[in-house]
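Novice: model this:
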Amino acid sequence: MDINFNKNEDANKLLLSELKKKLAKVHVGGGEKRIEKLHAQGKMTARERIDFLLDPQADSVEIGAFVGEGMYKEHGGCPSGGVIVKIGYIKGKQCIVVANDATVKAGAWFPITAKKNLRAQEIAIENRLPIIYLVDSAGVYLPLQDEVFPDKEHFGRIFRNNAKMSSMGITQIAAVMGSCVAGGAYLPIMSDEALIVNKTGSIFLAGSYLVKAAIGEDIDNETLGGATTHCEISGVTDYKSEDDKDCLTTIQNIVDKIGAYTKAGFSKKEAAEPRELQEEIYGILPKSRADQYDMNQIIERLVDNSEFEAYKNGYGESIICGYARIKGWAVGIVANQRKVIKSKKGEMQFGGVIYSDSADKATRFIANCNQKKVPLVFLQDVTGFMVGSKSEHGGIIKDGAKLVNAVANSVVPKFTIVIGNSYGAGNYAMCGKAFDPRFMVAWPSARLAVMGGSQAAKVLAQIEEATLKRKGEEITPERHAEILSKIEASYDAQTSPYYAAARLWTDAVIDPLETRKWIDMGIEAANHAPIDTPFNLGVIQV
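Specialist: Got it, this is the predicted structure:
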C-alpha cells in the first residue's frame, strides 16, 4: 500500500470514529436522568423496547438516528426527532418498528417528529411491510404546533396513512405503553390490533385536567382512559398487558401468526463475501473530495465474489453501469466514475461529471434493469453535468433529461448510496431523495449541496461584497478573506452528511462496511411489494 492509501485510511477512520461518537450520544436520547426516571416507573426506554421486540442476533437498520441534530436548540433539542425507527425481524418476519422516545420532551411531536413518522409509514407502504407502533407520547409540542398540526404533510397525515395502509392490507399493530392523548389517540385505534399496558398506558382525547376545565367532571386519568377502562368497558383496546415485556411478547406472538406474503420475485442466490477486502475501502476513498479514485475498486469491495459485469464498458465512462449480486440479490449498479478518463476520441473527461454519452448509457441501462426486474443501486460521487459550449451544442440538457426521466419512471426499487459529492442536478440524475429511492444513505465522507463549497463560497462572497460596496464599504484583501472564510464555514456545515440526515434528506449516515447490509435488507423489504406498474419512459427528446 502507498502512503496515500494510509493517509486516506487514517482520514476515513477518523470520520468513522466521529460517526460512532455521535451515535453513542444520540442513543442516550433525553439523557441518563430521564432514562432513570422511566425505569423507576417500571417502563423500558424506546430503544430497550425495540431491542426486546426484535429477534436477537438478526440484522436491523435504524432510520433517521440523526434526525433533529442541531435543530430546535432554543427548545432544548430533539435527539432522533423524539422517535426511534428500526427495520428488523420479529419471529423471522421483517417489520418496521416506530417507538416514541419518552425521554425527549415526554415523547412530544416536533415538526421533524412528524416528518420522521411519515417516512416510516412511507417505507411500510412502498414495501408492504408490517408496522409496529410503540406509543408513549404527550402529543403535539405546543410551542411549535403551527409547524406540526395543519398542513398536508403534518400530524394528520399519520392517520390518513393508517386508513390507507389498512385498505391495502398492510399489518399495523399498536401498543400504548405510556401517554396517548388528543388526536394521537386515533393512531392505535386505527391500527389492526391495539394493546395497552396496565397502570402506565392511557388513551383519551382529553386528560383529567382538561375534562375538569371543559365540563367540570372530576376524574383521574386511570379511570378516564387506563387499561382496565379500555379493555373491559369501552372495548377500545384488544389486549391488556401487565408490563412492557408482557406487551412486547404479545406483539411477537401476534406477528408470528402473520401469513406469507406475495413476493415481487427479485433474483436471489446464495450470498458470498467480496473477494477483495472490504476494509480497503477506507484507503481507496480519498481524504479530499476533490481527488480522483477508481470507483471500480469500491464496487469490487461491495459485490459478491467481487464479480461485476460491466455494461457498455469503454463508452460513456464517467458513469459505470453493470450487473452484480449483493448478499445474493441481483442488482444493477449505476455509479459515478471519479477518475479523469481519456475517451476513445482522445478527449479528456473529468471524474464525477456526467457527460452526454454517459447519460445516454445510464438511461439505456436503467431501462434494461426495469425490463429484467433488477433492483437498481446508485453510487453517488457526482459534481454535476458537464457545462460549456461544446456540451450545450451536443445536447447535454436533452441527454440529462432522458436520464432524469428514466430514474423518475423506474418501477424497480432503487437504493442510493452517497459516497462522496452529491451536487446540483447530478444529485437528481443519480436518484436523489426527490426521486424516491427506497433507502438513501450516506457515508461519513458524503457532501450534499447545490454546488461545491469553494465555488458556492466564491459566488456568495461576490454577492455580499457587491452589497457592501454599494453601502460605501471598501473591500480590502483582509476583509475579502474574512468574508470568504465566514461563508465557507457556514456552507461547509450545511453540506455535512449530518446536516442532511438531521433533516431526513438521507435515511442514515453509515459505516461503508454496512452498505451491503442496507442493500440486502432494502431489497428484501422491496420483495414484499410486487411490481404492478409497467415501465414507461413517457415522452422524451430522442
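Novice: and the next element down the chain from the helix or strand hosting L187?
Specialist: Assigned by DSSP states H and E, L187 belongs to helix 186-189. Going down the chain from helix 186-189, the next helix or strand is strand 193-197, by DSSP H and E.
Novice: Which residues does that next one contact?
Specialist: With Cβ atoms under 8 Å, 6 or more residues apart in numbering as the test, strand 193-197 has contacts from 173-178, 188, 202-203, 226-227, 230-231, 236-244, 246-247, 250-251, 254. Where you see a C-beta, it was placed from the backbone N, CA and C, and this is true even at glycine.
Novice: Would you mind listing where this protein has pLDDT under the threshold?
Specialist: Residues of the chain meeting the criterion pLDDT under 70: 1, 183, 343-348, 387-388, 391-395, 451-457, 539-542.
Novice: try it again with 50
Specialist: Residues of the chain meeting the criterion pLDDT under 50: none.
Novice: Provide a list of residues in contact with L53.
Specialist: Contacts of L53 (Cβ under 8 Å, 6+ apart): I90, V97, I132, L134, L248, I251, Q252.
Novice: Give me the three-state assignment for the third one.
Specialist: It stands for I132. strand (DSSP: H, G, I helix; E, B strand; the rest coil).
Novice: what bridges to it?
Specialist: Taking DSSP bridges, one obtains V97, I173 as the residues bridged to I132.
Novice: C-alpha coordinates for the helix holding L187, CSV please?
Specialist: Written as CSV, here are the backbone C-alpha positions of helix 186-189 (Å, rounded to 0.1, in the frame of the first residue of the first chain):
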residue,chain,number,x,y,z
TYR,A,186,-56.6,7.8,16.9
LEU,A,187,-53.3,6.1,15.8
PRO,A,188,-53.6,2.9,17.9
ILE,A,189,-57.3,2.6,17.3
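Novice: what's it packed up against?
Specialist: strand 131-137, helix 156-168, strand 172-181 (3 or more Cβ pairs under 8 Å, 6 or more residues apart in numbering; DSSP states H and E).
Novice: related to what we said a few turns ago, just the buried ones out of the contacts of strand 193-197, please.
Specialist: 173-178, 188, 202-203, 226-227, 230-231, 236-241, 243-244, 247, 250-251, 254 (16 or more other Cβ atoms under 10 Å).
Novice: tell me the strands in the stretch 251-400 of the chain, going along the chain?
Specialist: Secondary structure of the stretch 251-400 of the chain (DSSP state E, counting those that start in this stretch): strands located at 309-310, 319-326, 329-336, 341-342, 348-349, 353-354, 376-382, 384-385.
Novice: for those, which one sits closest to G30?
Specialist: Between G30 and the strands of the stretch 251-400 of the chain, the tightest spacing by Cβ to Cβ is seen for strand 376-382, at 34.0 Å.
Novice: Which strands border the closest one, and is each parallel or antiparallel?
Specialist: Counting by DSSP bridges, strand 376-382 is paired with strand 329-336 (parallel), strand 414-423 (parallel).
Novice: Let's have the ones you listed in CSV, adding mean neighbour count.
Specialist: Below are those laid out as CSV (neighbours: other Cβ atoms under 10 Å):
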stretch, mean neighbour count
strand 329-336, 25
strand 414-423, 26
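Novice: Please report the distance of V28 from A206.
Specialist: Separation of V28 from A206 (Cβ to Cβ, to the nearest Å) stands at 33 Å.
Novice: how about the helix holding L187: buried residues?
Specialist: Y186, L187, P188, I189.
Novice: contacts for the helix or strand harbouring K20?
Specialist: Using DSSP H and E, K20 falls within helix 3-26. If you take Cβ under 8 Å, 6+ apart as the criterion, helix 3-26 is touched by 65-66, 69, 79-80, 281-287, 444-445, 498, 509-512.
Novice: Quick one: distance of that helix to the chain centre.
Specialist: Taking Cα atoms, centre = their mean, to the nearest Å, one finds helix 3-26 lying 21 Å from the centre of the chain it belongs to.
Novice: same question, stretch 221-230
Specialist: So, by Cα atoms, centre = their mean, the centroid of stretch 221-230 is 37 Å from its chain's centroid.
Novice: Next, the buried residues of it.
Specialist: N221, E222, L224, G225, G226, A227, T229, H230.
Novice: for stretch 93-112, same thing?
Specialist: Residues 93-112 are the ones in stretch 93-112 that count as buried (16+ other Cβ under 10 Å).
Novice: any chance you could map the helices in the stretch 351-500 of the chain?
Specialist: For the stretch 351-500 of the chain, applying DSSP state H, counting those that start in this stretch gives helices covering 356-372, 389-393, 396-409, 424-429, 453-470, 477-494, 497-502.
Novice: of these, which approaches R301 most closely?
Specialist: helix 497-502 (20.1 Å).
Novice: which helices and strands does the closest one pack with?
Specialist: If you count contacts as 3+ Cβ pairs under 8 Å, 6+ apart, helix 497-502 packs onto strand 439-442, strand 447-449, strand 508-509.
Novice: rewinding a little: turn the contacts of L53 into JSON lines, columns for distance to G332.
Specialist: Listed next are those as JSON lines, based on distance: Cβ to Cβ, whole Å:
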{"residue": "I90", "distance to G332": "31"}
{"residue": "V97", "distance to G332": "30"}
{"residue": "I132", "distance to G332": "32"}
{"residue": "L134", "distance to G332": "37"}
{"residue": "L248", "distance to G332": "39"}
{"residue": "I251", "distance to G332": "37"}
{"residue": "Q252", "distance to G332": "36"}
